[in-house]
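# Provide a 3D model corresponding to the input given below.
(one chain, ligands or ions: 1)
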Amino acid sequence: RAKDGHEKEFLQAVHEVVEAVIPFIAENDKYNNLMILERMVEPERVIMFRVPWMDDKGRIQVNRGFRVQFNSAIGPYKGGLRFHPTVNLSILKFLGFEQTFKNSLTTLPMGGAKGGADFDPKGKSDNEVMKFCQSFMTELQRHVGANTDVPAGDIGVGGREIGYLFGQYKRLSNEFVGVLTGKAMSWGGSLIRPEATGYGVVYFTKQMLEEKDGSQLKGKIVGISGSGNVAQYACEKAIELGAKIITMSDSQGYVVDPSGIDTDKLEYVMDLKNKRRGRISEYAEKYSEATYHEGQRPWGETMDIAFPCATQNEIDEEEAEALVANGCICVAEGANMPSTLEAIHVFQKAKILFAPGKASNAGGVATSGLEMSQNSQRYAWSREEVDDKLKDIMAAIHDECVAFGKDGDHVDYVKGANIAGFVKVADAMMDQGVV
Ligand code: NDP
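Numbers count the residues shown, from 1 in each chain. From the prediction side, this is the model:
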């Protein structure tokens, strides 16, 4: 793909998928025509736009906004918005491509998309974040809609940002509709949506352990990276199931707490990250049993299970080898593409349990799908109802991975997730003709 040669993250995501899908196509003639894979790697539409806004000092700032509408074969476009200074077209194409397969796995009717801007919410006042969100939505509203494209949060886009974006959409369209997910409960949100991605990672891990040898999370040592939305709720559910969490991190370093991050300490992290918007290094100042490692990632620590929940390419080949050498038996990705291709190959060679993000972190978008259903019904389900549905969906995704990835007594979840995700989208595209 010479024309995408400079888009390294996108090429990496495509590479991971085609490694599994090309051998499958070779054995299944049905998919060997109509340029199905070639069409799938081309986004249906990319929108790129100027986002001008005024900061608190009265200066005009300009950012670049994007929406990559990747594939609508099985439903309206669906996927998060990321606000981070590293955002570029390659990253959003990789995320939109991954999202297409992930959404297919959820069993719900959602196409794939991703968007965002190179805006850095860190250090900005609430007023500046609101101004930015309003300007961003002033353009985005032309391209989204409850039956067209339904964005959600991602890195840098949480409840506050979704609120500002929704308010501006409503003002411009004069419609109160489910155009975004991740909304607050009092205005159309779903219970369990904030928890869903992290909880889903843990539910999926539970399934993998049970499939392998019937073992449980109880008593397992778990290392988590990140301390944002996904990391916090993966931590919460893993604590509830009896695991001992020893690490969390942010973009500046990680903390290791050999005595374990318990519910009280997690509450401190949530307050630190969500309300005070502080640094994870403060954890080690508060709890003397913990140590902080500036500029490093936690994968050199000894752990049974790793949940990378920060960002892409945060486990490289060397770190993967260190995890395996230290006895890690399971890696379940909470983030999107946190393991490099070389790291994935290390896990596959060692035959440890490895869940790619498109399977293990699909609980977030699945619950967004449930939020869309509730919005359409103008009704809200109870916490238990949504959590039960989330558990069922994670179990269904696990079963799809096993169906396509089982080889003897080992399950290759990368192969299983990619082929299962591919088959549903490819079948829909073939049914709909060359479009
Ligand atoms: P948040 O913004 O809530 O948290 C992100 C965390 O990752 C923070 O701890 C942040 O540190 C850290 N981080 C961000 N960028 C980097 C970097 N370049 N290097 C190291 N650490 C970094 O985001 P989410 O928790 O929502 O998302 C985390 C991952 O999960 C992303 O890959 C996202 O795409 C994926 N995901 C999220 C879903 C969701 O429902 N939220 C659904 C499915 C996947 P700091 O505090 O310093 O910024």
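
# Just give me the longest helix of the protein.
Determined from DSSP state H, the single longest helix within the chain is helix 383-405.

# The following helix or strand past it - what's its average pLDDT?
Following helix 383-405 in sequence order, the next helix or strand is strand 406-407 (DSSP states H and E). Strand 406-407 carries an average pLDDT of 94.

# Also stretch 100-108?
On average, the pLDDT along stretch 100-108 is 97.

# Stretch 221-239 too?
Stretch 221-239 comes out at a mean pLDDT of 98.

# same deal with stretch 206-215?
Averaged across stretch 206-215, pLDDT comes to 97.

# so who does Val17 touch?
Phe97, Phe101, Asn418, Phe422 (CB atoms under 8 Å, 6 or more residues apart in numbering). For every residue, glycine as well, the C-beta is placed using N, CA and C.

# Helix or strand: which one has it?
helix 8-27.

# for His293, same thing?
Per DSSP H and E: strand 291-294 holds His293.

# Only alpha carbons, please: show the host helix or strand of Gln61 as PDB.
Using DSSP H and E, Gln61 sits in strand 60-71. Only the C-alpha atoms of strand 60-71 are listed here, as PDB (Å, rounded to 0.1, in the frame of the first residue of the first chain):
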ATOM      1  CA  ILE A  60      -7.300  32.600  18.800                       C
ATOM      2  CA  GLN A  61      -6.100  29.000  18.700                       C
ATOM      3  CA  VAL A  62      -6.400  26.600  15.700                       C
ATOM      4  CA  ASN A  63      -6.600  22.800  15.900                       C
ATOM      5  CA  ARG A  64      -7.300  20.100  13.300                       C
ATOM      6  CA  GLY A  65     -10.400  18.000  13.600                       C
ATOM      7  CA  PHE A  66     -11.200  14.700  11.900                       C
ATOM      8  CA  ARG A  67     -13.900  12.100  11.500                       C
ATOM      9  CA  VAL A  68     -13.000   8.900   9.700                       C
ATOM     10  CA  GLN A  69     -16.200   7.000   8.600                       C
ATOM     11  CA  PHE A  70     -14.600   3.700   7.900                       C
ATOM     12  CA  ASN A  71     -17.300   1.200   7.200                       C
END
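
# Quick check: neighbours of that strand in the sheet, parallel or antiparallel?
The strands beside strand 60-71 in its sheet (DSSP bridges) come out as strand 45-54 (antiparallel), strand 112-117 (antiparallel).

# which one of those strands is the most hemmed in?
Across the strands paired with strand 60-71, the average number of neighbours (mean count of other CB atoms under 10 Å) peaks for strand 112-117, which reaches a mean of 30.

# got the buried residues for the longest helix of the chain?
Going by neighbour count (16 or more other CB atoms under 10 Å), the buried part of helix 383-405 is 386-387, 389-391, 393-394, 397-398, 400-402, 404-405.

# List the buried residues in the helix holding Val17.
9-14, 16-21, 24-25.

# average model confidence for stretch 332-351?
Mean pLDDT, stretch 332-351: 97.

# just how off-centre is that stretch within its chain?
Put simply, stretch 332-351 sits 15 Å off its chain's centre (CA atoms, centre = their mean, to the nearest Å).

# Flag every buried residue along that stretch.
Quick answer for stretch 332-351 (16+ other CB under 10 Å): 332-340, 343-344, 346-348.

# what helices or strands is the helix or strand just after the strand holding His293 leaning on?
Following strand 291-294 in sequence order, the next helix or strand is strand 305-308 (DSSP H and E). Identification of packing neighbours for strand 305-308 by 3 or more CB pairs under 8 Å, 6 or more residues apart in numbering; DSSP states H and E yields helix 193-213, strand 221-225, helix 229-240, strand 330-332.

# JSON lines please, covering the strands paired with strand 60-71 and showing mean pLDDT and distance to Gln312.
Formatted as JSON lines, the strands paired with strand 60-71 follow (pLDDT from 0 to 100; distance: least, CB to CB, whole Å):
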{"stretch": "strand 45-54", "mean pLDDT": "98", "distance to Gln312": "19"}
{"stretch": "strand 112-117", "mean pLDDT": "98", "distance to Gln312": "12"}
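
# Out of those, flag the one nearest the ligand.
strand 112-117 (8.6 Å; CB to the nearest ligand atom).

# what's in contact with the closest one?
Strand 112-117 has contacts (CB under 8 Å, 6+ apart) with 47, 51, 63-71, 77-84, 87, 92-93, 95-104, 132, 136, 140, 149, 151, 154, 156-157.

# related to what we said a few turns ago, any chance of the strands paired with strand 60-71 in a markdown table, with distance to the ligand too?
Formatted as a markdown table, these follow (distance: least, CB to the nearest ligand atom, whole Å):
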| stretch | distance to the ligand |
| --- | --- |
| strand 45-54 | 19 |
| strand 112-117 | 9 |
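
# Adding distance to Leu180, write these out as a markdown table.
Shown next, in a markdown table, are the strands paired with strand 60-71 (distance: least, CB to CB, whole Å):
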| stretch | distance to Leu180 |
| --- | --- |
| strand 45-54 | 16 |
| strand 112-117 | 11 |
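
# separation between the closest residue to the ligand within the chain and Lys358?
Minimum separation of the chain from the ligand (CB to the nearest ligand atom) falls at Gly228, amounting to 1.8 Å. Separation of Gly228 from Lys358 (CB to CB, to the nearest Å) stands at 19 Å.

# These two: who's more crowded?
Taking other CB atoms under 10 Å, Gly228 and Lys358 do not tie; Lys358 has more neighbours (32 against 22).

# The strand holding His293 pairs with which strands?
strand 253-256 (antiparallel).

# before we move on, back to that, going by distance to Glu319, which of the buried residues of stretch 332-351 wins?
Among these, Ala343 lies closest to Glu319 (CB to CB), at 6.8 Å.

# Excluding residues flanking it in the chain, which one is nearest the closest one?
Nearest residue to Ala343 in three dimensions, chain neighbours excluded: Ala320, at 3.7 Å (CB to CB, 6 or more residues apart in numbering).

# now do Lys183
Nearest non-adjacent residue to Lys183 (CB to CB, 6+ apart): Gly189, at 3.8 Å.
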